[in-house]
Structures are given as structure tokens and as C-alpha cells.
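Asker: 3D, please:
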Amino acid sequence: MATPQSQRSINKSAAIVIPLFLMGSVGYGTWVIVVKIAVEYLLNPSQDLRRIGINPRHGAAIAIIVLYFILLPLMAFPYFRTLQVIWMDPGYVPLGQSSEKDPNSAWDFYNKDVFVCDHTGKPIWCDKCNNWKPDRTHHSSEVGRCVRRMDHFCPWAGGIISENNMKFFLQFCFFGALYTSFVTITVAVLLAERKRKTGGDVQATWAVALALAAMCCLFSVGMSISTFQLSMLNLTTVENLNKGNAVYRLAVCVSTSAEPPSAEPSSDRPTSTQGNGALPGQFRQTRQSVTHTRQYTVLQTEPGENPWDIGKLRNLQSVLGEKWWDWILPIKYSPFTKHDRADSHFEFGPVVTNLKRKAGLLPPDPKSRRRHSRRHSGQSEHRSHRSHRSHRSHRNHRHRSSDTGALPTPAWKGGETFQEV
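Answerer: Numbering: from 1, shown residues only. Below you'll find the model as predicted:
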């Protein structure tokens, strides 16, 4: 069984060899499409091919060359951008200096209004990297480091896919699917035509190009669909593995109060104070400065809830950017890499807002209150109308009963008794 160190060496080697193989495949495919097909088969077929009815087709050749050199850079630029980020800025969290948890090193978390925590209200600690893990950070066994918004380790892309290159990887998968689909269809159609007209002559160079293109097409189409779906849900591949059962504990700031300067360090342990709708032992006090204290309560999501889901379009915009050209050009980083929010590391969605309302930290939703008020008003009017009808029916029944000497009986409507005395 491979040790973690040897496995990391294998992964590192694969992350170098496989990209070189892909680049070689693209180079080979370019030679087949441009030289062997567009030029030698469509633009200037040999005399042997012309004798069997394969004549020059300049329009088809030009169209294939133009489309190919449009799709090639659209696929290649995001790929090289992904590689560049992996080698220069992969999104690793800095290693800690000590194996002991130092509360003073977690002040960045306590400047936020909401952050992911453990059951005591502390940020998540990594024993391997000796650091506090920012929200959505995971420890990668493949590289042996904590990675911000880690998605997965992809040897085809040259390494770890994280928040810093998620946008470029998504662009590469999408345009790679278009590129490989175009190459696969083009080679397959013309190879079938040549085989039919030549009586079974199959060019080995064409067949190899078709096999490589088809293999890469299956990979890129599948990855493109999967990555787009997860991006629309604001999930990473790691988070999606436990999507239905995942439960998050969130430390939510409930108050910021001023205190006189004190030489005593504030406690980083949960107090026994209980809050409405929160977990036991949830309040903690952390000193933001010598004169300010922030108080937090720990809230817990339901299994399967995603606190970062802010809507499909906004989820995609958080990855690709708000402008349409940002979705195409692999230049800018994803907007969520800025981490310039004062309230949290990543923007939280309605799940967190609802948690705060249930815990009494926010007022009820005005829209919900209006809907409830209208529904309650409608139900009251309906009951009043039914009561009035029952009242008249009972009165008529009493008048009819008095003629026969029968006693009046109460009328039952909707579980309520309406009786005239």
C-alpha cells in the first residue's frame, strides 16, 4: 500500500505527464485537421482521389480551418491559465507555526459576523497544517495542504482545482467540450466518406485522431456538465459528496459591546448562556480590541441545506463574473476570491437568514407576515360567512320546527357549533 508521501509523488508526476500528453494530442489533432484533412483531402486532393470522385471543396476546407482556429484558443487559453494558477497561486492556506491551537491567531474569524465553526464555537482546526481553516477550506491528501474552496485534484488539469482556478477550469471544460466535439464529428464524417468512396481505405492517422478526440470529448463533456451543475448550486465536488447529509455549524455574531480596558485576556470558551433556537453552550466572547467584545451563538443547519446557495444565476456569477465577457475571457479571477466582505468569507444565502429568524436574531420576514395576515384574514372571513349562513339556516329550521312541535337542533359547521338561544 502506497504511503501518503509516495502517493503525493505519484500525483505530482501524473500532474506533469498528463498535461504534456494532452498538449501532444492537441498538436497531433491540429496536424490531422489542418494538413491531412483540410489541405490534402479537401483543398488539394491527390490525383488518385480525384479519379474516384473526390474533388476539391474549398468552402468546406476554409470553414473547417476557421472554426478550428476559433475553438482552439478558446479551449487552450483557459487550460494554460489553469496550469499557471496551479503552479504559481494554487490557493494553499499558510502552514501554522505551532501544533497548539492559539486563539490569538483566529482574530480574522472573529472580525466576521458569521463563520463555520465546531460545536464549541471555534473555527475549524487542521491538525496536519496547524492552522485555522477558513470557510469551505479542505485538506487535500493529494498535495498535503489545506486548500481554499477546494474542488478536487485533477491530473488532467495539472493539479488541484480550487477557488483560484475554478473559473478557468470551468471555461476549459466547456470550450474543451466544444473543441473535441467539433474534431470528433469532423474526422468521423470525413473518415466515413473516404472509406465509402475508396472501398474501405482507412487512414491510420485519421483513426488515431478520431480515437483521441472521442476519448477527450467524453471526458470534457462529462466534466463540463458536472462542473456547471455544481457551480449553479454553489457546491464543490468535495461538498457534493455528502450533499444530502451535510450539516454546518455557524458562529453568528449576536452583539458587539464596549468594555473598559482590561489586562485579562477574554475567554475563548463557550459560556453557559442559552439562546433561542441555538445549540447548548453556544455563546462565546472574543476580544476584538482592548475595549470591544463580540458575542457569538452557534446555529446549525438542517441536513442537506447549503448555506452558500444564493440562487443559480448569482452562484454562476460568483464563479465566472457579472459581465458576459468575463464568462468567456480567462483573465480575471472569480469574484469570490476577493474575500473583501466584512460579514463573512463567502456570501451566505437564505438558509442562514432563515436560521437567524428562527433563533430570534432577525425580525420575521415582512412578506411572510403579510402572506400569513392575508391567509388569516381570509380564513376569518370564511368562518364568519359560514357562521352567518348557519345562523340563518338554524333560524329557518327553528321556525319550521315550531309548526310541528319539534325542538330545534344545533347546526354543526366546520367543527364549530352554532346555536341560537
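Asker: neighbours around the residue lying closest to Arg145 once chain neighbours are set aside, how many?
Answerer: Of all residues not flanking Arg145 in the chain, Tyr92 sits nearest, at 4.6 Å (Cβ to Cβ, 6 or more residues apart in numbering). Yep, even glycine has a C-beta here, placed from its N, CA and C like the rest. By the criterion of other Cβ atoms under 10 Å, Tyr92 has 19 neighbours.
Asker: Tyr92 and Thr297, how far apart?
Answerer: 32 Å (Cβ to Cβ, to the nearest Å).
Asker: again with Ile161
Answerer: 34 Å.
Asker: do Leu71 as well
Answerer: 53 Å.
Asker: quick one: which of the two has more around it?
Answerer: More neighbours surround Thr297 than the other of Leu71 and Thr297, with 25 against 18 (other Cβ under 10 Å).
Asker: helix or strand for that one, which one?
Answerer: Thr297 is located in strand 292-300, with elements delineated by DSSP states H and E.
Asker: next up, the contacts around Asn130.
Answerer: By Cβ atoms under 8 Å, 6 or more residues apart in numbering, the residues touching Asn130 are Leu95, Gly96, Gln97, Ser98, Ser99.
Asker: the fourth one: what secondary structure?
Answerer: In terms of secondary structure, Ser98 is coil; the call rests on DSSP: H, G, I helix; E, B strand; the rest coil.
Asker: list the contacts of it.
Answerer: Asn130.
Asker: for it, what are phi and psi?
Answerer: Phi and psi for Ser98, reported as degrees, to the nearest 10, are phi -140, psi 150.
Asker: look up how far Val147 lies from it.
Answerer: From Ser98 to Val147 the distance is 21 Å (Cβ to Cβ).
Asker: ok, the last one next?
Answerer: Noted for Ser99: a distance of 20 Å to Val147, by Cβ to Cβ.
Asker: looking at these two, which one has more neighbours?
Answerer: Using other Cβ under 10 Å, the more surrounded residue of Ser99 and Val147 is Val147, with 26 against 8.
Asker: got a pLDDT number for the more buried one?
Answerer: Val147 is assigned 97 on the pLDDT scale.
Asker: mind listing the residues bridging to it?
Answerer: Tyr92, His138 (DSSP bridges).
Asker: what sits against it?
Answerer: Pro90, Gly91, Tyr92, Val93, Thr137, His138, His139, Ser140, Ile160, Ser162.
Asker: check contacts around the nearest residue to the second one once chain neighbours are set aside.
Answerer: Pointing back at Gly91 there. Once flanking residues are discounted, Gly91 sits nearest to Ser162: 3.7 Å by Cβ to Cβ, 6+ apart. By Cβ under 8 Å, 6+ apart, the residues touching Ser162 are Pro90, Gly91, Val147, Arg148, Arg149, Met150, Asp151.
Asker: let me have these in JSON lines, adding distance to Thr30 as columns.
Answerer: Listed next are these as JSON lines, based on distance: Cβ to Cβ, whole Å:
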{"residue": "Pro90", "distance to Thr30": "29"}
{"residue": "Gly91", "distance to Thr30": "32"}
{"residue": "Val147", "distance to Thr30": "34"}
{"residue": "Arg148", "distance to Thr30": "36"}
{"residue": "Arg149", "distance to Thr30": "34"}
{"residue": "Met150", "distance to Thr30": "34"}
{"residue": "Asp151", "distance to Thr30": "29"}
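Asker: just curious, which of these is nearest to Ala106?
Answerer: Proximity of the contacts of Ser162 to Ala106 (Cβ to Cβ) peaks at Arg148, which lies at 16.3 Å.
Asker: what sits closest to the closest one if chain neighbours are left out?
Answerer: Leaving aside its chain neighbours, Arg148 sits nearest to Gly91 (4.3 Å; criterion: Cβ to Cβ, 6+ apart).
Asker: again with Gly144
Answerer: Arg8 (5.8 Å).
Asker: so how far is the host helix or strand of the one you found from its chain's centroid?
Answerer: Element membership for Arg8 (DSSP H and E) is helix 4-31. Taking Cα atoms, centre = their mean, to the nearest Å, one finds the center of helix 4-31 at 27 Å from the center of the full chain.
Asker: where does the stretch 1-150 of the chain have low pLDDT?
Answerer: 1-2, 104 (pLDDT under 70).
Asker: would you map the strands across it?
Answerer: 114-116, 124-126, 131-133, 138-140, 145-147 (DSSP state E, counting those that start in this stretch).
Asker: tabulate the ones you listed (a markdown table), appending distance to Val351.
Answerer: Output for those, formatted as a markdown table (distance: least, Cβ to Cβ, whole Å):
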| stretch | distance to Val351 |
| --- | --- |
| strand 114-116 | 11 |
| strand 124-126 | 19 |
| strand 131-133 | 20 |
| strand 138-140 | 20 |
| strand 145-147 | 24 |
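Asker: select, out of the ones you listed, the one closest to Val85.
Answerer: Closest to Val85 of these, according to Cβ to Cβ: strand 145-147, at 12.0 Å.
Asker: and the closest residue in space to Tyr41 that isn't next to it in sequence, how many neighbours does it have?
Answerer: What sits nearest to Tyr41 in space, not counting adjacent residues and going by Cβ to Cβ, 6+ apart, is Leu190, at 6.7 Å. Per other Cβ under 10 Å, the neighbour tally for Leu190 reads 21.
Asker: residues in contact with Leu190?
Answerer: Applying Cβ under 8 Å, 6+ apart, the residues near Leu190 are Ile37, Tyr41, Leu42, Trp206.
Asker: scan those and report the most crowded one.
Answerer: Counting by other Cβ under 10 Å, top hit in the contacts of Leu190: Ile37 with 27 neighbours.
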